[in-house]
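Visitor: here's my sequence, what's the structure:
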Amino acid sequence: MKHFLDINKTDAAALRGMIDEGISMKSARNGRPKGAPDDDQPLAGRMVALIFEKPSTRTRVSFDVGVRQMGGETMILRGDEMQLGHGETIADTARVLSRYVDLIMIRTFEEQTLLEMAEYASVPVINGLTNRSHPCQIMTDIMTFEEHRGPIRGRKVVWSGDGNNVFNSFAHAAGQFGFDLTFTGPPPLDPEQVFLDEARSKGVNITIERDPAVAVQGADLVVTDTWVSMHDPVSARERRHNQLRGYQVNAALMAQAKPDALFMHCLPAHRDDEATSEVMDGPHSVIFDEAENRLHAQKAIMRWCLGV
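Guide: Sure thing, here's the model as predicted:
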């Protein structure tokens, strides 16, 4: 069973194949209308369940459109509608869904929900996001970088802000794709050590630098994410702003990176908090290419999971 649960759990050669496939599938669209089918229809006759415990814009739309472009159909299920893990066990939900659909994508809170779904499903399961990782987003980011700047191997990526689930997947990817990764942020928001240690064990440089201006020197890519979650209470939001204000990605910070450095943000963004509009709309930014590429990278992931 080929689940796509985390970047570090997937063979590096398979990951490379997915990136190349995503770029190829994007090119093959040839500017045709968004609703037009792909020439190749690998998901014809297939049904894909898209489960959302956490709300989403990009994940929902990109997976839904991707399945349709490849000839399949989707069933969108909300966690509150399903009573996932409450009225029925996750294991039983996985067993039942496997009788109806060919592939399951789940966007959830707890990593254990994802892992239990994969353990008991008899069809492939894709991690659409958990509190600990976001592998589809980072596959997208690597695809976007390579479209603009060529191979990411040996490059320097700098993350500014909170050591969250998106950073964790960047650390996984550093080990698998062979790029260096620097985290710059306040100590209370450091990433979990296990993610740093695993990447280092694969021979890449993973560093923590408290001064963001020093951290971004020589950077090929600067990345940030929202400082607060939609679920955070007001008190937590105020504390996060106080902790992270010095790590805002602005024009002065980008000027310390390489002249051709790219800027990414997985969106949604709180403009002029974690990054200024000047940077987000400026010449370094590829955030909307990044958003579009969720579609193409995830199509490649689905094809790999189904072997089609």
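Visitor: from the middle of its chain, how far away would the helix or strand in which R239 is found be?
Guide: Here R239, judged by DSSP states H and E, is contained in helix 234-244. Remark: helix 234-244 is offset 24 Å from the chain centroid, using Cα atoms, centre = their mean, to the nearest Å.
Visitor: on contacts alone, who are the packing partners of whichever helix or strand comes after it?
Guide: The helix or strand immediately downstream of helix 234-244 is helix 251-254, counting by DSSP H and E. Here helix 251-254 touches helix 212-215, helix 277-280, going by 3 or more Cβ pairs under 8 Å, 6 or more residues apart in numbering; DSSP states H and E. All C-beta atoms are positioned from the backbone trio N, CA, C, and that covers glycine.
Visitor: and the first one, what other elements does it pack with?
Guide: Judged by 3+ Cβ pairs under 8 Å, 6+ apart, the packing partners of helix 212-215 are strand 156-160, strand 180-184, helix 251-254.
Visitor: in that helix, what's buried?
Guide: For helix 212-215, the neighbour count (16 or more other Cβ atoms under 10 Å) marks P212, A215 as buried.
Visitor: now that helix, how far from the centre of its chain.
Guide: On Cα atoms, centre = their mean, the centre of helix 212-215 falls 24 Å from that of its chain.
Visitor: identify the residues contacting that helix?
Guide: The contact list for helix 212-215 (Cβ atoms under 8 Å, 6 or more residues apart in numbering) reads V158, S160, T182, F183, T184, E209, G246, Y247, A252, L253, Q256.
Visitor: report the two of these separated the most.
Guide: F183 and A252 (19.7 Å; Cβ to Cβ).
Visitor: strands along the stretch 1-150 of the chain, start to end?
Guide: 47-52, 73-78, 103-107, 125-129 (DSSP state E, counting those that start in this stretch).
Visitor: nearest to N293, of the contacts of helix 212-215?
Guide: Closest approach to N293 among the contacts of helix 212-215 (Cβ to Cβ): V158, at 20.2 Å.
Visitor: next, the angle from the helix or strand hosting F167 to strand 156-160.
Guide: Taking DSSP H and E as the definition, F167 sits inside helix 165-177. Inter-element angle recorded for helix 165-177 and strand 156-160: 170 degrees (by axes from the mean of the first three to the mean of the last three Cα atoms, to 10 degrees).
Visitor: still on that earlier bit, alpha carbons of the helix holding R239, in PDB - could you do that?
Guide: This file holds the C-alpha atoms of helix 234-244, laid out as PDB (Å, rounded to 0.1, in the frame of the first residue of the first chain):
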ATOM      1  CA  VAL A 234      -6.800  36.200  21.500                       C
ATOM      2  CA  SER A 235      -4.300  36.000  24.300                       C
ATOM      3  CA  ALA A 236      -2.100  33.600  22.300                       C
ATOM      4  CA  ARG A 237      -2.300  35.800  19.300                       C
ATOM      5  CA  GLU A 238      -1.000  38.800  21.200                       C
ATOM      6  CA  ARG A 239       1.800  36.700  22.700                       C
ATOM      7  CA  ARG A 240       2.800  35.300  19.200                       C
ATOM      8  CA  HIS A 241       2.900  38.800  17.700                       C
ATOM      9  CA  ASN A 242       5.200  40.000  20.500                       C
ATOM     10  CA  GLN A 243       7.500  37.000  20.100                       C
ATOM     11  CA  LEU A 244       7.700  37.100  16.300                       C
END
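Visitor: any idea which helix or strand in this structure has the lowest mean pLDDT?
Guide: helix 79-82 (a mean of 83; mean pLDDT, DSSP states H and E).
Visitor: counting contacts, what elements does that one pack onto?
Guide: Using 3+ Cβ pairs under 8 Å, 6+ apart: helix 79-82 touches strand 47-52.
Visitor: mean confidence for the strand it packs on?
Guide: Average pLDDT, strand 47-52: 98.
Visitor: with stretch 62-71 instead?
Guide: 98.
Visitor: in it, what counts as buried?
Guide: S62, F63, D64, V65, G66, V67, R68, Q69, M70.
Visitor: quick check on the nearest residue to the last one once chain neighbours are set aside: phi, psi?
Guide: So that's M70. Distances taken as Cβ to Cβ, 6 or more residues apart in numbering place L43 nearest to M70, at 4.0 Å, with adjacent residues excluded. When read as degrees, to the nearest 10, the backbone of L43 gives phi -100, psi 10.
Visitor: counting residues per helix, which one in this structure is longest?
Guide: helix 287-306 (DSSP state H).
Visitor: dump it to PDB, keeping only the CA atoms.
Guide: In PDB, the C-alpha atoms belonging to helix 287-306 read as follows (Å, rounded to 0.1, in the frame of the first residue of the first chain):
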ATOM      1  CA  ILE A 287       3.500  32.800  -3.600                       C
ATOM      2  CA  PHE A 288       0.800  32.500  -6.300                       C
ATOM      3  CA  ASP A 289       2.800  30.100  -8.400                       C
ATOM      4  CA  GLU A 290       3.200  28.200  -5.200                       C
ATOM      5  CA  ALA A 291      -0.600  28.200  -4.600                       C
ATOM      6  CA  GLU A 292      -1.200  27.000  -8.200                       C
ATOM      7  CA  ASN A 293       1.300  24.300  -7.900                       C
ATOM      8  CA  ARG A 294      -0.600  22.600  -5.100                       C
ATOM      9  CA  LEU A 295      -2.800  21.300  -7.900                       C
ATOM     10  CA  HIS A 296       0.000  19.900 -10.000                       C
ATOM     11  CA  ALA A 297       2.100  18.400  -7.200                       C
ATOM     12  CA  GLN A 298      -0.900  16.700  -5.600                       C
ATOM     13  CA  LYS A 299      -2.000  15.200  -8.900                       C
ATOM     14  CA  ALA A 300       1.500  13.600  -9.100                       C
ATOM     15  CA  ILE A 301       1.100  12.400  -5.500                       C
ATOM     16  CA  MET A 302      -2.200  10.800  -6.200                       C
ATOM     17  CA  ARG A 303      -0.900   9.100  -9.300                       C
ATOM     18  CA  TRP A 304       2.000   7.700  -7.400                       C
ATOM     19  CA  CYS A 305      -0.300   6.400  -4.600                       C
ATOM     20  CA  LEU A 306      -2.500   4.600  -7.100                       C
END
